[in-house]
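S.K.: no sequence on this one, just coordinates:
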Ligand SMILES: NC(=O)c1ccc[n+]([C@@H]2O[C@H](COP(=O)([O-])OP(=O)(O)OC[C@H]3O[C@@H](n4cnc5c(N)ncnc54)[C@H](O)[C@@H]3O)[C@@H](O)[C@H]2O)c1
Ligand SMILES: [Fe+2]
């Protein structure tokens, strides 16, 4: 067996209604002043009410930043970190989708007393040093797996995103409460769920660092997610389906945190950057085309995965994933997203900038390949 290392969030709790016990988890970690990072949609949906009441009942000081927007920009991170420092936070909670959880990670670093780095110094792999504040993540989408990854994705320019990757970003606790996801709208459920499935597939075929543990998690994630995604989209109140989605998304996160994602994500990012297409939908739009491109090299691994994908017929991996994308009613073409064909070369040029991800792809991707893939997705 080849040597490998595997890292994940040390504590994971799955509990229906568990958000109400957030205070106890904070107390366990010695907190007195809790800082919550979230977005306006979460506040509006009332998802924080019980957790917040519990924190106040426990006599904990609570402050929050609720201005996180999708694909969070660096200005948001700075504003949130400043507020956390001003209120003397000693524990950070990320409460929301990947956007809120990613901001929370960086806030936990920047607002720590031991931090003498600026945000700019953190971008890249292994650049963060020092300590961070204790960090609890409460996902409200079943998608990014950010609760178990050492990664934060921040928008740094008009159309570009940068990653901060550091073991310091791995949270202390992932608190999975399926009840929080019961009201997640169908389109968000579908897009974030496909994102999680892509994490599992790309981890399983990653050119680097895949290992027996990440493989097992990727396989289990794919089975969980495919068993539950159609039900979760069409019958969102089904608690079991929601729990299956949260579990699967987390397992996929554990897999790709150790065996990183590749060309699907690399080609998806420019779509998010230029057209503000949600992360999961961007992935979904290029998934079948990238799988077909990888098939000559990754075909044997795709054959291992195909039977694990349920509710998509009994064809190969591409046809099953395509059937699932159809069943959850996501748009299928770039044309439907009002992207003009003239723009495809710009997308291809931008995808080439994602070398951090492209190096993990089982097959080399040239700019001409990327253009051809976008052409097929058009
Ligand atoms: N850290 C990682 O490892 C990692 C991996 C993949 C993607 N990402 C990043 O994560 C972000 C995407 O995260 P996401 O897909 O979870 O979406 P998101 O956090 O951007 O949230 C999308 C929308 O869903 C709403 N929402 C979330 N939960 C809800 C609920 N339970 N009920 C009602 N509405 C709800 C939010 O208010 C928001 O409007 C991107 O910035 C992406 O780059 C990070
Ligand atoms: Fe993703």
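M.R.: Arrived safely. A quick note: this is a predicted structure, and the numbers were derived from the prediction, not measured. Ligands and ions are numbered 1, 2, ... in the order given.
S.K.: what helices or strands is the strand or helix carrying residue 200 leaning on?
M.R.: Assigned by DSSP states H and E, residue 200 belongs to helix 186-204. On a contact count with 3 or more Cβ pairs under 8 Å, 6 or more residues apart in numbering; DSSP states H and E, helix 186-204 meets helix 212-234, helix 239-258, helix 263-275, helix 279-305, helix 317-327. For the C-beta atoms, the positions are set from N, CA and C on the backbone; glycine is no exception.
S.K.: is the fourth one in proximity to ligand 1?
M.R.: Translated: helix 279-305. Yes - residues of helix 279-305 contacting ligand 1 under Cβ under 6 Å from any ligand atom: 279, 280.
S.K.: and that helix, how far out from the chain middle?
M.R.: 18 Å (Cα atoms, centre = their mean, to the nearest Å).
S.K.: which parts of it are buried?
M.R.: 279-291, 293-295, 298, 301-302, 305 (16 or more other Cβ atoms under 10 Å).
S.K.: before we move on, the earlier item: could you give the angle of the helix holding residue 200 to helix 212-234?
M.R.: 160 degrees (axes from the mean of the first three to the mean of the last three Cα atoms, to 10 degrees).
S.K.: mean confidence for helix 186-204?
M.R.: Averaged across helix 186-204, pLDDT comes to 98.
S.K.: may I see the buried residues of it?
M.R.: 187-204.
S.K.: next, count neighbours for the closest residue to residue 177 other than its chain neighbours.
M.R.: The shortest distance from residue 177 to any residue other than its chain neighbours is 4.2 Å, reached at residue 18 (Cβ to Cβ, 6 or more residues apart in numbering). When neighbours are counted by other Cβ atoms under 10 Å, residue 18 registers 19.
S.K.: go ahead and confirm residue 18 touches residue 174.
M.R.: No - Residue 18 is not in contact with residue 174 according to Cβ atoms under 8 Å; the separation is 10.7 Å.
S.K.: enumerate the residues of the stretch 51-200 of the chain near ligand 1.
M.R.: By the rule Cβ under 6 Å from any ligand atom, the part of the stretch 51-200 of the chain lying against ligand 1 is 70-71, 96-100, 102, 140-141, 143-146, 149, 151-153, 180-181, 183-184, 188, 192.
S.K.: show me the residues you listed that map onto helices.
M.R.: Of the positions in those, 98, 99, 100, 102, 188, 192 sit in helices, assigned by DSSP state H.
S.K.: as a markdown table, these with distance to residue 349 would be great.
M.R.: What follows is those, written out as a markdown table (distance: Cβ to Cβ, whole Å):
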| residue | distance to residue 349 |
| --- | --- |
| 98 | 26 |
| 99 | 26 |
| 100 | 31 |
| 102 | 26 |
| 188 | 30 |
| 192 | 28 |
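S.K.: biggest separation within those residues, which pair?
M.R.: Across those, the longest distance by Cβ to Cβ is 16.5 Å; it joins 102 and 188.
S.K.: circling back: out of the helices and strands packed on helix 186-204, which one sits most buried?
M.R.: helix 239-258 (a mean of 26; mean count of other Cβ atoms under 10 Å).
S.K.: return the angle between stretch directions for that one and helix 263-275.
M.R.: Going by the same axes, to 10 degrees, helix 239-258 makes 100 degrees with helix 263-275.
S.K.: got the residue ranges for the strands in the stretch 1-150 of the chain?
M.R.: Assigned by DSSP state E, counting those that start in this stretch, the stretch 1-150 of the chain shows strands spanning 11-14, 33-37, 61-65, 91-96, 124-125, 135-139.
S.K.: quick one on the thing from earlier: which residues touch the residue nearest to residue 177?
M.R.: 175, 176, 177 (Cβ atoms under 8 Å, 6 or more residues apart in numbering).
S.K.: what about it, distance to residue 42?
M.R.: Going from residue 18 to residue 42 by Cβ to Cβ, to the nearest Å gives 16 Å.
S.K.: tell me the confidence at the residue sitting furthest away from the middle of the chain?
M.R.: Using Cα atoms, centre = their mean, the residue of the chain lying farthest from its centre is residue 59. It sits 32.4 Å away. Per-residue pLDDT puts residue 59 at 96.
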